[in-house]
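Enquirer: Give me a model of this one.
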Amino acid sequence: MQAASQDPALKPDADPRAAIRERALALGFDAVGFAPATSSPELRERLSSFLTEGMHGDMGWLAANEARRGDAAALWPGARSVVVVAASYRPGIDPLDVLSRPDRGGVSVYARTGRDYHDALKKRLKELGRWLGTVHAGDARAFVDTAPVMEKPLAQAAGLGWQGKHTNLVSREHGSWLFLGELFTTLDLEPDTPEADHCGSCRRCLDACPTAAFPVPYRLDARRCISYLTIEHKGHIPLEFREPMGNRIYGCDDCLAVCPWNKFAQTSPRIDDLLPRIELTAPRLADLVRLDDASFRTLFSGSPIKRTGRDRFVRNVLIAIGNSGRAGLAPEAERLLSDPSPLVRAMAVWALARLLTPEAFADLRAANLPLEKDEDVVGEWAVMGGRDGTDAPR
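Expert: Down below sits the predicted model:
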């Protein structure tokens, strides 16, 4: 009797790497590589130094999982290999163009996508994992920036690129515009050759940083990074960083956008969920500052921006309004002097100190300061330097 033919897609190979790569590319990923499920002692030392020096700011989850983050094998002891995938989110326009439009807000390219990249990539990674289990009888676990995985070193070990001087992954084929995901597996797969560093003497990313967040090449002080300040930082943004923020209201792409390797990035997103939402390309500050919690959640449903929360987001928008030089936006800030959130009220005060005449600001101060109970907001009202707000006691 003739044996039943087997679906070619389900036929195991002696060396499964080519089939895995083909399957991953078919799912929409743009690059695939293989790395051992281990981490070097040097990598663990770098992580420990970063945390010891406090450069992670108030991202306590980094320190809480230091042991597992510093050792890929500790995350899942049964894993032998890691399939590292990457998806391009290369923008179709210069992401820095919005910085010259002070009435608009700058949203990082990664957050303009139609769907949260965590969800878009993990769905496909899980599908790849199921296929891997069916065809090659290997267990697999998928991670997309949601577990203590040092994904950029793994991507470099898998040959997908190298960590540039801005600490992000750089690819010779895709520039600095890659989302990463990892599929840990029990299969023992031959690793790819790690990618070498091709930054050379270039320092464009370091010089482009508006807040000097790179104390030395290849080292980021998150406490000075606009992406950290606008996304992760839960408190008031320190005074020294507000003016350099400009109109960046969620994240910052400056160090990524100036990388000369971007000129070789020809691939636009192949995954539909990663195509940009036009309404987030250059949104009007006047619209964003009016968001209450319900409208914020509706606008950013399915977006990573939603996790930041309305209060922190509007905090950022008010800083952009204060930097806009547009006195016509002052009424929007004035309306928020009675907002329930101290984060919002404090930045409304700062924005008004920048936009109003000293006399108009003094009148508002006289009317509102006696009613204010929050110490930080009182501190903002205590501005003594007129409209530039440089004498605020913070």
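Enquirer: Tell me the buried residues in the host helix or strand of residue 45?
Expert: Here residue 45 sits within helix 41-52, counting by DSSP states H and E. Within helix 41-52, the residues that count as buried by 16 or more other CB atoms under 10 Å are 43-44, 46-47, 50-51. Glycine gets a C-beta too; all of them are placed from N, C-alpha and C.
Enquirer: Kindly report the same for stretch 299-307.
Expert: Result for stretch 299-307 [16+ other CB under 10 Å]: buried residues 299-300, 303-306.
Enquirer: just the strands in the protein please.
Expert: Assigned by DSSP state E, the strands in the chain fall at 31-36, 81-88, 106-107, 140-143, 162-163, 169-170, 178-185, 248-250.
Enquirer: one step back: quick check, nearest of the buried residues of stretch 299-307 to residue 106?
Expert: Residue 106 lies nearest to residue 305 out of the buried residues of stretch 299-307, by CB to CB, at 12.6 Å.
Enquirer: For that closest one, give its distance to residue 351.
Expert: Applying CB to CB, to the nearest Å, the value for residue 305 to residue 351 is 20 Å.
Enquirer: Show the contacting residues for residue 180.
Expert: 84-86, 144-145, 151-152, 155, 160, 169 (CB atoms under 8 Å, 6 or more residues apart in numbering).
Enquirer: min pLDDT across these, which one?
Expert: Lowest pLDDT of those: residue 145, 84.
Enquirer: Filter the contacts of residue 180 down to the buried ones.
Expert: Using 16+ other CB under 10 Å as the burial test, the contacts of residue 180 include 84-86, 144, 151-152, 155, 160, 169 as buried.
Enquirer: follow-up on the earlier one: will you turn the buried residues of helix 41-52 into a markdown table that also has pLDDT and distance to residue 193?
Expert: Output for these, formatted as a markdown table (pLDDT from 0 to 100; distance: CB to CB, whole Å):
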| residue | pLDDT | distance to residue 193 |
| --- | --- | --- |
| 43 | 68 | 18 |
| 44 | 71 | 22 |
| 46 | 77 | 22 |
| 47 | 71 | 24 |
| 50 | 73 | 27 |
| 51 | 73 | 30 |
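Enquirer: can the residues you listed go into JSON lines with extra columns for distance to residue 136?
Expert: Converted to JSON lines, the buried residues of helix 41-52 look like this (distance: CB to CB, whole Å):
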{"residue": "43", "distance to residue 136": "28"}
{"residue": "44", "distance to residue 136": "30"}
{"residue": "46", "distance to residue 136": "34"}
{"residue": "47", "distance to residue 136": "32"}
{"residue": "50", "distance to residue 136": "37"}
{"residue": "51", "distance to residue 136": "37"}
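Enquirer: Touching, residue 326 and residue 101? I think so.
Expert: No. With contact defined as CB atoms under 8 Å, residue 326 does not reach residue 101; the gap is 11.0 Å.
Enquirer: Just the pLDDT for residue 71.
Expert: 69.
Enquirer: Next: residue 12.
Expert: Note for residue 12: predicted pLDDT of 53.
Enquirer: what does residue 390 give?
Expert: Listed pLDDT for residue 390 reads 43.
Enquirer: tally of neighbours for residue 294?
Expert: Neighbour count of residue 294, defined by other CB atoms under 10 Å: 9.
Enquirer: Any regions of this protein where pLDDT drops low?
Expert: Low-confidence segments of the chain (pLDDT under 70): 1-14, 41, 43, 60-71, 383-394.
Enquirer: Domain parsing of it, as residue ranges.
Expert: The chain resolves into domains spanning 10-92+112-185, 204-260+278-385 when parsed by automatic domain parsing.
Enquirer: Ok, which of those domains comes nearest residue 198?
Expert: The nearest among the domains of the chain, by CB to CB, is domain 10-92+112-185 at 6.5 Å.
Enquirer: what's the offset of that closest one from the middle of its chain?
Expert: 15 Å (CA atoms, centre = their mean, to the nearest Å).
Enquirer: With stretch 252-267 instead?
Expert: Centroid separation for stretch 252-267 versus its chain: 15 Å, with CA atoms, centre = their mean.
Enquirer: now the end-to-end length of it.
Expert: Using CA to CA, to the nearest Å, one end of stretch 252-267 lies 22 Å from the other.
Enquirer: quick one: the helices in the stretch 1-150 of the chain?
Expert: 17-26, 41-52, 60-64, 66-69, 72-75, 117-136 (DSSP state H, counting those that start in this stretch).
Enquirer: Return the list of helices and strands in contact with the second one.
Expert: Of the remaining helices and strands, those touching helix 41-52 by 3 or more CB pairs under 8 Å, 6 or more residues apart in numbering; DSSP states H and E are helix 66-69.
Enquirer: So residue 114 versus residue 300, what's the distance?
Expert: According to CB to CB, residue 114 stands 12 Å off from residue 300.
Enquirer: okay, now residue 220: neighbour count?
Expert: Neighbour tally, residue 220, other CB under 10 Å: 22.
Enquirer: Residue 168 is in contact with that one, correct?
Expert: No. When contacts are counted by CB under 8 Å, residue 220 is not listed as touching residue 168 (9.0 Å).
Enquirer: so how far is stretch 211-225 off the chain centroid?
Expert: 15 Å.
Enquirer: What are the buried residues along it?
Expert: Neighbour-count burial for stretch 211-225 flags 211, 213-214, 220-225 (criterion: 16+ other CB under 10 Å).
Enquirer: What of stretch 320-335?
Expert: Of the residues in stretch 320-335, 320-324, 329-330, 332-334 count as buried by neighbour count, 16+ other CB under 10 Å.
Enquirer: Let me know the closest of these to residue 266.
Expert: residue 320 (32.4 Å).
Enquirer: Could you check how far residue 154 is from residue 192?
Expert: In terms of CB to CB, residue 154 sits 11 Å off from residue 192.
Enquirer: Kindly report the same for residue 331.
Expert: For residue 331, the distance to residue 192 - CB to CB - is 57 Å.
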